[in-house]
Each structure stands twice: as structure tokens, then as C-alpha cells.
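Chemist: all I have is the shape, not the residue letters:
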């Protein structure tokens, strides 16, 4: 018996037999645009990011204290007499050394309080002298640390900040003593710009070589350091083109119209100047550049992954040259503020150390402007307090270098801190490829 097909089949919608739309071909790389404010990544520098630096500093201070005890003869003598007496003597030595360290960096709290309560201005100025020295030393540290940190953000390892300091110093001091009859309102900015230009041009050389030939900036900046040292010696040596002419291998002194204003003009020993405010302004400018501008977004993108940046339409060679030039300009400001605000001339055959210490500052500050400022204040305090520690506690200045070196070791190898304190998880949210593309053409 045959059954009639159901009418429901006729009510069904007919099948769509049309061809699916052809897939759209992807176009080439599109020019990258700055992310919208609501999607722009925020700069992270919170309590978690401070954990590693704080543990590194604390561990370095503990090991430094142990080294102070081991090198003190009186501790051994006390141990031979009585072990408990030796332990007490060891703690006394540590307390005296670090106490002198603190007083040399920040002043004696008792004397400072008494001076403030007395209202005696000369007494107050004597009491705050250690703090002013810490700020003075920290000023070029901030500029140099920002220079290296900016390079790190762009995936570049600028080891040439010391050489850029020398070239910028020559440019600064030349405009400082050669421009005669120029008012300070014009002379001082020109001298600062000369330092920035000298450092930027010197740093742009390895940047250009990196962008065009693939030459690694670590090698080229190290070589340029030696060239800048020898060039400065030639310019400032007795009989050199920039020598003073009185038989000393130093440059002429800059004119008063190029001086950076001092906080305390009437007190020569208080050498802190308005360069400290310039350093803080530079830190804010670097933060704004990196996290609020399209150029900063491109710099950070190239630093994280240059291939992805190139695919997104970023001109990677241009970004490399700009990053190195900006880094050199910051290093140049380190020399300019040091000469215009403190030295007032440029000596020959001296070693500033700011350029090489800047690597430690950038690592300790996690390449963030706020972190660099805090790390610079720490290193400024270490250097300011070291002389007082040597004079009062009879502890060598080399202890400071050892403490700084230990901090660098613990920052560069966070696994050590993790193992010492049995920490789980990552201590850092972001890692920096400090030697990206090493050996690649």
C-alpha cells in the first residue's frame, strides 16, 4: 500500500544553494595607531613590582654588614676573649657603620630637629647638608638612568652613556665659556641644548649602525666609549684645543651666565641646584612619552617584538635611531647639569661613573621612570653616606661598590632571591630582553 507523502515537506524552506561569499584578501601591513585611552596599557609600577628591588637591597645590605664584620679586627679580638662578646662587638660595628651611612646621606635626625626648632638659619643649613649632597649626586644619576631605561624599553642596550656623557660635557662646556655677552635667559638653555645635542648625536651613531647594518649596540657603544675618552683627552690635554692654557689639563671655566641656579646661592658648600627639578621633569617627560604618545607605543612595541612591529607598519630602523638619540640626549643632560651646576669646568682624565652605574639604576628601577628616580636617590644616598662611613666608622669606600654590585646581581638574577626567600611565582610582571637579537645579522 502506497502512502502519500506528507505535505509538511512542501512547507519547508528551500535550501540556499547560492555560493558562499568569497573570503576577502588581507591587505598588507596597516600603519599602527596609538591605542584608544580605554585600551591603552597602563604603566605598571605597584607594590608587587617593588618586591624584587626591596628584597635585593635588603639582602645586599645584610651581606654588606657581614663583610664589614669579617674585615674588622676588633671583632676577632673580642671573639678570642669571649664568643658572646664577639657577637655583641659585631652588632656594634654594624650599627656604627650603617649609622654613619645614614647620617652621611640624610643627616642626624636629632641635630636636624634641634636646628629646626632653634630657627637658626646657618645651623639649619649645616644640618641639611647631607640631604643636599644626596640630591646633588642623584641628579645626574636620574638623567643617566633614564637614558639606559629608555633604551631598554626600546629593546636596546645602551652601554655608551658614559661616552655620551663625555661628548655632551665637551659640547656643554664649550658653549658655556665661548658665548660672551649673552644673557643667562638665553645662555643657560643653549648650553643645556648643546649637551643634549652632543649626547644625542653620539648615541645616534650606534643606533644608525644597528638599524642599517645590524651591528649590535653593545659592541658599538663600548667602542665609542673609548673613542670619546681619548677624544676628550686630546681636547683637554695641555696644549689641546679646549685646554685652559695655564698648564692644567682642564677646560676654561664657564661664564656665570651659564650657571644653573643654586638652591642656596650664598652657601658654596651646598651644591644642590635646580638641575634636580630638571631631572624630575625629565622623568615625567619620559613617562609621558612612553605611555601617552604614539611614538612611545612604537618604541615599546619594537622593544618587545620588532618583527610584530614591522608587520604592524612601524618603521623599525627609524624607531631604533630615535630611541638611541633620545637615550643619548638624556645622558647628555646628565653631563650638562653636572658641569653647569657643580663642576663649572670639565677636567681631563676623570671618571664620572654615572654612565655605567646607570645600567644598575635601569635594572633596579625596572626601566620605569618612577623606579629609576627611586633607584637614583638610593645610589645618591649610598655615595653621599660612604664618605661619612669611612671617616667615622673606618669602613672603606669599597664597601659601597660591593653593596651596589650585590644589588645588581640580585636584580639581574631574580632566581637567587626566589630561592633565598622561598618565593613562588614570578617576581616580575614584565621581563626585558636586554640583549635582543644578539649575533643576528
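Modeler: Perfect, thanks for sending it. For clarity, every value in this text was computed on a predicted model and none was experimentally measured.
Chemist: how about low-confidence regions in this protein?
Modeler: Along the chain, segments meeting pLDDT under 70 span 1-49, 349-350, 425-441.
Chemist: longest helix of it?
Modeler: Under DSSP state H, the helix in the chain containing the largest number of residues is helix 184-213.
Chemist: give me the buried positions along the helix or strand just after it.
Modeler: Counting by DSSP states H and E, the element after helix 184-213 in chain order, helix or strand, is helix 217-236. Neighbour-count burial for helix 217-236 flags 217-218, 220-221, 224-225, 228, 231-232, 235-236 (criterion: 16 or more other CB atoms under 10 Å). All C-beta atoms are positioned from the backbone trio N, CA, C, and that covers glycine.
Chemist: in the longest helix of the chain, what's buried?
Modeler: Buried, per 16+ other CB under 10 Å, within helix 184-213: 187-188, 191-211.
Chemist: do the same with stretch 66-84
Modeler: Those would be 67-69, 72, 75, 78, for stretch 66-84 by 16+ other CB under 10 Å.
Chemist: how about stretch 412-425?
Modeler: 414, 417-418.
Chemist: which among those residues gets closest to residue 299?
Modeler: Nearest to residue 299 among the buried residues of stretch 412-425 is residue 414, at 24.5 Å by CB to CB.
Chemist: that closest one and residue 54, how far apart?
Modeler: Residue 414 sits 12 Å away from residue 54, taking CB to CB, to the nearest Å as the criterion.
Chemist: show me what contacts the residue sitting nearest the centre point of the chain?
Modeler: Taking CA atoms, centre = their mean, the centroid of the chain lies closest to residue 145, which sits 1.1 Å from it. Contacts for residue 145 were tallied using CB atoms under 8 Å, 6 or more residues apart in numbering; they are 358, 361-362, 365, 372-373, 375-376.
Chemist: mind picking the two most distant members of those?
Modeler: Farthest pair in the contacts of residue 145 (CB to CB) is 358 and 373. Separation: 12.7 Å.
Chemist: compare the two (neighbour count), which wins?
Modeler: residue 358 (34 against 23; other CB atoms under 10 Å).
Chemist: just list the residues touching that one, thanks.
Modeler: Going by CB under 8 Å, 6+ apart, residue 358 touches 141, 144-145, 147-148, 161, 331, 334.
Chemist: need the residues you listed in JSON lines with distance to residue 90 and secondary structure, can you?
Modeler: Below are the contacts of residue 358 laid out as JSON lines (distance: CB to CB, whole Å; DSSP: H, G, I helix; E, B strand; the rest coil):
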{"residue": "141", "distance to residue 90": "32", "secondary structure": "helix"}
{"residue": "144", "distance to residue 90": "36", "secondary structure": "helix"}
{"residue": "145", "distance to residue 90": "35", "secondary structure": "helix"}
{"residue": "147", "distance to residue 90": "41", "secondary structure": "helix"}
{"residue": "148", "distance to residue 90": "37", "secondary structure": "helix"}
{"residue": "161", "distance to residue 90": "39", "secondary structure": "helix"}
{"residue": "331", "distance to residue 90": "42", "secondary structure": "helix"}
{"residue": "334", "distance to residue 90": "39", "secondary structure": "helix"}
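Chemist: most neighbours out of those residues, which is it?
Modeler: residue 331 (39 neighbours).
Chemist: residues near the nearest residue to residue 118 once chain neighbours are set aside, how many?
Modeler: Nearest non-adjacent residue to residue 118, counting by CB to CB, 6 or more residues apart in numbering: residue 124, 7.8 Å away. Residues near residue 124, counting by other CB under 10 Å, number 17.
Chemist: who are the packing partners of the host helix or strand of residue 124?
Modeler: Residue 124 belongs to helix 121-127 when assigned by DSSP H and E. If you count contacts as 3 or more CB pairs under 8 Å, 6 or more residues apart in numbering; DSSP states H and E, helix 121-127 packs onto helix 109-118.
Chemist: quick one: contacts of the helix it packs on?
Modeler: So helix 109-118 is contacted by 123-124, 126-128 (CB under 8 Å, 6+ apart).
Chemist: buried subset of the residues you listed?
Modeler: 124, 126-128.
Chemist: going by distance to residue 322, which of the residues you listed wins?
Modeler: Nearest to residue 322 among the buried ones among the contacts of helix 109-118: residue 128, at 40.6 Å, using CB to CB.
Chemist: now do the contacts for that closest one.
Modeler: Counted by CB under 8 Å, 6+ apart, residue 128 has contacts 107, 112, 270.
Chemist: for these, give me CSV that also has distance to residue 318.
Modeler: Listed next are these as CSV, based on distance: CB to CB, whole Å:
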residue, distance to residue 318
107, 48
112, 51
270, 45
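Chemist: nearest to residue 298 among those residues?
Modeler: Nearest to residue 298 among the contacts of residue 128, with distances taken as CB to CB, is residue 270, at 42.7 Å.
Chemist: what's around the closest residue to the closest one other than its chain neighbours, how many residues?
Modeler: Once flanking residues are discounted, residue 270 sits nearest to residue 264: 4.3 Å by CB to CB, 6+ apart. Number of residues near residue 264 (other CB under 10 Å) recorded here: 16.
Chemist: ok so residue 264 is a strand residue?
Modeler: No: applying DSSP: H, G, I helix; E, B strand; the rest coil, one finds residue 264 to be coil, outside a strand.
Chemist: right, and it touches residue 273 too?
Modeler: No: assessed by CB atoms under 8 Å, residue 264 is found out of contact with residue 273, at 9.4 Å.
Chemist: which element follows the helix or strand encompassing residue 321 toward the C-terminus?
Modeler: According to DSSP H and E, residue 321 maps onto helix 316-338. Going down the chain from helix 316-338, the next helix or strand is helix 354-364, by DSSP H and E.
Chemist: what's the angle between the helix or strand that comes right after that following helix and helix 354-364?
Modeler: Next in sequence after helix 354-364, counting helices and strands by DSSP H and E, comes helix 369-393. Orientation check (axes from the mean of the first three to the mean of the last three CA atoms, to 10 degrees): helix 369-393 against helix 354-364 gives 120 degrees.
Chemist: how near is residue 74 to residue 124?
Modeler: The gap separating residue 74 from residue 124 is 36 Å, by CB to CB.
Chemist: repeat that for residue 176.
Modeler: 32 Å.
Chemist: residue contacts, the residue nearest to residue 364 when sequence neighbours are not counted?
Modeler: Nearest residue to residue 364 in three dimensions, chain neighbours excluded: residue 375, at 4.0 Å (CB to CB, 6+ apart). Listed by CB under 8 Å, 6+ apart, the contact partners of residue 375 are 53, 145, 360-361, 364-365.
Chemist: most surrounded residue in these?
Modeler: residue 145 (36 neighbours).
Chemist: ok, and the closest non-adjacent residue to it?
Modeler: Closest to residue 145 by CB to CB, 6+ apart is residue 361, at 3.2 Å.
Chemist: same question, residue 317
Modeler: residue 211 (3.5 Å).
Chemist: same deal with residue 328?
Modeler: Closest to residue 328 by CB to CB, 6+ apart is residue 203, at 2.4 Å.
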